[in-house]
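Q: Take this sequence and fold it.
(one chain, ligands or ions: 1)
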Amino acid sequence: MNNLVYNKNVLDHFQNPRNMGVMENADAEATVGNPTCGDVMKIMIKVEGDRIEDINFQTMGCVAAIATSSMVTEMAKGKSLDEAKKITNKDVAKALGELPPIKVHCSNLAADALKKAIESLNKK
Ligand code: FES
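A: Numbers count the residues shown, from 1 in each chain. Below is the predicted model:
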């Protein structure tokens, strides 16, 4: 079962997720589903000027999905929309350290959901 050992950083974000929960009056939100396993992640953002003032997530998924959700909120908070849009799923996984190889697909939600939320904002 060695392939399912998570590093400390991943476990920390799973056990103490940052910015988790519903956001009242979000300016934009987006939900993405992971086609591999059916897990779902929702990102909500509040924008001030062109900055992400606040960001929350709700994720129905595994340890890696929750940890990447938590990490992407930390990476995006305070960033301009343009900077936040450039965050990739790879950046998020890298910031967490390594994910077990069979869990790498779980990191494919976080940055996608963020980008989708920002794009929906631009459409308003
Ligand atoms: S098993 Fe579904 S996101 Fe990890």
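Q: going forward, measure contacts and count neighbours with C-alpha atoms only.
A: Noted.
Q: Excluding chain neighbours, what is closest to the closest residue to the ligand within the chain?
A: At 3.8 Å from the ligand, C106 is the closest residue in the chain, using Cα to the nearest ligand atom. Of all residues not flanking C106 in the chain, A65 sits nearest, at 5.2 Å (Cα to Cα, 6 or more residues apart in numbering).
Q: swap in S120?
A: A28 (6.5 Å).
Q: Could you pull up the residues touching that neighbour?
A: By Cα atoms under 8 Å, 6 or more residues apart in numbering, the contact list for A28 reads 44-46, 117-118, 120-121.
Q: Can you report phi and psi for it?
A: With angles defined as degrees, to the nearest 10, A28 sits at phi -160, psi 150.
Q: The protein: helices as residue ranges?
A: 8-15, 63-76, 81-85, 89-96, 110-122 (DSSP state H).
Q: now those helices as TSV including mean neighbour count, distance to D39 and mean pLDDT?
A: Putting the helices of the chain into TSV (neighbours: other Cα atoms under 10 Å; distance: least, Cα to Cα, whole Å; pLDDT from 0 to 100) gives the following:
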stretch	mean neighbour count	distance to D39	mean pLDDT
helix 8-15	17	15	96
helix 63-76	25	8	97
helix 81-85	17	22	97
helix 89-96	18	16	94
helix 110-122	21	12	93
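Q: which stretch among those helices comes nearest V22?
A: The closest of the helices of the chain to V22 is helix 63-76. By Cα to Cα, the value is 13.2 Å.
Q: That closest one - contacts with which helices or strands?
A: Packing partners of helix 63-76 (3 or more Cα pairs under 8 Å, 6 or more residues apart in numbering; DSSP states H and E): helix 8-15, strand 51-60, helix 89-96, helix 110-122.
Q: one step back: how many neighbours does the residue of the chain closest to the ligand have?
A: 26 (other Cα atoms under 10 Å).
Q: Would you mind listing the residues in contact with K116?
A: Contacts of K116 by Cα under 8 Å, 6+ apart are 29-31.
Q: Of those residues, which count as buried by neighbour count?
A: 29-31 (16 or more other Cα atoms under 10 Å).
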